[in-house]
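> Give me a model of this one.
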Amino acid sequence: MPRRRELKITLNPLQLIVCVAFGLWLGAVAIALSLWLAWQLWPQQVEPLAQAVAPARSAPAPVAPPQPADAQQAMFERYKEILNTQQAQQAIEANPRNLNNPKCQFWLQQNRNAPTDKSHANVLEFCR
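Have a look, this model is predicted:
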C-alpha cells in the first residue's frame with residue numbers, strides 16, 4: 001500500500017496578519033471608490049429627471065389672460081344657446097307621446113350625436 005503524502009503547513013502569524021490587514025484595506029478602498037463614483041455620477045443621472053418633474057410640480061397652473069368684454073359676452077350667449085337646447089331636448093324626451101315613432105327616434109338620435117338647427121327642428125316636428 002502506497003504511503004500518503006503529507007502536506008506540512010507552516011503558520012507564520014506575522015504573514016497572516018499582514019495578509020488579512022491588506023485584504024481589509026483593499027475592501028475599504030473599493031467601498032470608498034464606489035461611494036465616490038456614485039456621488040460623482042448621481043447628479044448627472046438625476047438632473048434630467050429632476051428637471052422634468054420640477055416644473056410640473058412647482059409651476060403654478062397657467063392663468064388665462066383677461067378676456068375682453070366682447071369675448072365674454074359671446075361665450076355667455078353660446079352658453080345660453082346650449083342651455084336652451086338642452087332644456088328643449090329634456091322637455092321633448094319627457095313627453096312620451098310620439099317617442100315610439102321611428103322618425104322621432106331617428107331625429108332624437110341625430111340631435112344627440114350632431115345637434116344642428118335642422119335636427120332640432122325635425123325633433124320638434126316629429127316628436128310632438
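
> who does the one helix or strand residue 81 maps to touch, helix- and strand-wise?
Counting by DSSP states H and E, the element that carries residue 81 is helix 69-94. Applying 3 or more CB pairs under 8 Å, 6 or more residues apart in numbering; DSSP states H and E, one finds that helix 69-94 contacts helix 102-113, helix 117-126. Just so you know, the C-beta spots here come from the backbone N, C-alpha and C atoms, and that holds for glycine as well.

> what's the offset of the longest one from the middle of its chain?
Read it as helix 102-113. Distance of helix 102-113 from its chain centroid, counting by CA atoms, centre = their mean, to the nearest Å, is 38 Å.

> Give me the phi and psi angles of residue 23.
Note on residue 23: backbone dihedrals following degrees, to the nearest 10 are phi -60, psi -40.

> per-residue pLDDT, it?
According to the model's per-residue confidence, residue 23 sits at a pLDDT of 97.

> burial count for it?
Residues within reach of residue 23, counting by other CB atoms under 10 Å, total 10.

> How much space separates residue 124 from residue 81?
With distances taken as CB to CB, to the nearest Å, residue 124 is found 16 Å from residue 81.

> With neighbour numbers in mind, choose between the two.
Counted by other CB under 10 Å, residue 124 and residue 81 do not tie: residue 124 has more neighbours, with 14 against 10.

> roughly how far apart are that one and residue 71?
The separation that residue 124 has from residue 71, given CB to CB, amounts to 31 Å.

> next one: residue 38
Plainly put, residue 38 is 55 Å away from residue 71 if you go by CB to CB.

> Likewise for residue 122?
Applying CB to CB, the value for residue 122 to residue 71 is 33 Å.

> Give me the more crowded residue out of these two.
The residue with the greater number of neighbours, taking residue 122 and residue 71 and applying other CB under 10 Å, is residue 122; the counts read 18 against 10.
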